[in-house]
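Q: need coordinates for the below:
(chains A, B and C)
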Amino acid sequence: MPQEIDRDEVRRHLDRGAQLVEVLPANEYEEDHLPGAINLPLRRLEAEARDVLDRGRPVVVYCWDSA
Amino acid sequence: MTDQAAELSCSACDAGIDRCEFCEETDCAKPVCYECMTVALGQVLRQPHVHGG
Amino acid sequence: MYDYVTGKLDWLAAGLPSEGTNAERPRAGDVARSDVPTCQMDERLGDVRERVRAAGWEACVVVNEERVVLGLLRSKELEANPELRIEEAMRPGPSTFRPFVSVDEMATFMIEHDLESAPITTSDGRLVGLLKREDAARVALELRQAERTEPKDRGRP
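A: Purely as a prediction, here's the structure:
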């Protein structure tokens, strides 16, 4: 289960080289995403994470909000 | 006297409202409810959507 | 793995930078006037009105010490009895909008609803600035004109 973090913690993780992943559909990602985030829609996350993400760096995932 | 039902309806979804949530007026020509307004302005993502939580 | 639970909405609402097609378009926070006069609830309306007009404005945002928006004074409220305290004269709890909302959308709404100005705040209610309808409309128009004259107009037929 991923550990829940807030905005300040996101920024600290990013300063230490974390990878940012937006799990919304591609069209949502294209309109707006956090700087440096890559797009892995949720249904593809498990299948593609191994190929796309660097195992040596922490990963921060996010959606639109907590709803 | 009985309470009057809301006379205004949201111009987008027809929900009864007391006033327009954008301009706060009760005589707005195109009143909008809070939810429809925030979706239209992009402050809320309309459900359903793929959620990553 | 970490989950940023409050997500993109929280990030944008805090006024933090983003990337993507929307990020290239002007947003409410970019166009809102951060130099809008502010006042506090216990001030006298007459004093505030004088100060506001001397600065060339017809609106004033009522804030607390932390710049959290509590109310708004537009032209109509500024015309009230000058002896009133701001708390009595203001429009309390006005509708506020996040900095990341597109100026194009705000302009459309402000024109349709005949709203002369709208406070732009962060998600914790702190004032970013006052978006004036004329500024929003001007920027929206410039954007549409720029989009109309882009790529198609290369050279003459």
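Q: can you tell if the lengthiest helix in chain C touches chain A?
A: If you go by DSSP state H, chain C has its longest helix at helix C:133-149. No: contact of helix C:133-149 with chain A (C-beta under 8 Å from any C-beta of the partner chain) is absent, the minimum separation being 15.7 Å. The way it works is simple: take the backbone N, C-alpha and C, and place the C-beta from them, glycine included.
Q: for that helix, C-alpha coordinates in CSV please.
A: C-alpha atoms of helix C:133-149 as CSV (Å, rounded to 0.1, in the frame of the first residue of the first chain):
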residue,chain,number,x,y,z
ARG,C,133,-13.5,41.7,-16.2
GLU,C,134,-11.9,44.1,-18.7
ASP,C,135,-8.5,42.5,-18.2
ALA,C,136,-9.9,39.0,-18.5
ALA,C,137,-11.8,39.9,-21.7
ARG,C,138,-8.8,41.7,-23.2
VAL,C,139,-6.5,38.8,-22.6
ALA,C,140,-9.1,36.3,-23.9
LEU,C,141,-9.6,38.3,-27.0
GLU,C,142,-5.8,38.6,-27.6
LEU,C,143,-5.5,34.8,-27.2
ARG,C,144,-8.3,34.1,-29.7
GLN,C,145,-6.8,36.6,-32.2
ALA,C,146,-3.4,35.0,-31.8
GLU,C,147,-4.9,31.5,-32.4
ARG,C,148,-6.7,32.7,-35.5
THR,C,149,-3.5,34.1,-37.1
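Q: was I right to think residue C:73 contacts residue C:62?
A: Yes: the pair residue C:73 / residue C:62 is scored as a contact, 6.7 Å apart, by C-beta atoms under 8 Å.
Q: who in chain A is up against chain B?
A: So chain A meets chain B at A:22-25, A:28, A:41-43, A:45, A:61-67 (C-beta under 8 Å from any C-beta).
Q: you'd agree residue C:117 is up against residue C:132?
A: Yes: with contact defined as C-beta under 8 Å, residue C:117 reaches residue C:132; the gap is 5.2 Å.
Q: any low-confidence regions in chain C?
A: For chain C, the stretches with pLDDT under 70 are C:150-157.
Q: ok, for the residue in it positioned nearest to chain B, nearest residue in space, not its chain neighbours?
A: Taking C-beta to the nearest C-beta, chain B has its nearest neighbour within chain C at residue C:113, 4.0 Å off. Nearest residue to residue C:113, sequence neighbours excluded (C-beta to C-beta, 6 or more residues apart in numbering or on different chains): residue B:23, at 4.0 Å.
Q: so which residues of chain A form strands?
A: Taking DSSP state E as the test, the strands found in chain A are A:3-5, A:19-22, A:38-39, A:59-62.
Q: name every strand pairing with the shortest one and say which way it goes.
A: Pairing partners of strand A:38-39, with direction, according to DSSP bridges: strand A:19-22 (parallel).
Q: what do you get for the first one?
A: According to DSSP bridges, strand A:3-5 forms sheet pairs with strand C:2-4 (parallel).
Q: list the buried residues of the strand it pairs with.
A: Under the neighbour-count criterion of 16 or more other C-beta atoms under 10 Å in any protein chain shown, strand C:2-4 has C:2, C:3, C:4 buried.
Q: and for stretch C:49-64?
A: Under 16+ other C-beta under 10 Å, the buried positions of stretch C:49-64 are C:49, C:52, C:57, C:58, C:59, C:60, C:61, C:62, C:63.
Q: one step back: quickly list what's touching both of residue C:73 and residue C:62.
A: C:39, C:86, C:90 (C-beta atoms under 8 Å, 6 or more residues apart in numbering or on different chains).
Q: of those residues, buried ones?
A: C:39, C:86, C:90.
Q: which of the residues you listed sits closest to residue C:140?
A: residue C:90 (28.6 Å; C-beta to C-beta).
Q: now the closest one. Nearest residue, chain neighbours left out?
A: Residue C:90's closest residue in space is residue C:71 (C-beta to C-beta, 6+ apart), at 3.4 Å.
Q: residue C:125 now?
A: With C-beta to C-beta, 6+ apart, the residue lying closest to residue C:125 is residue C:68, at 4.5 Å.
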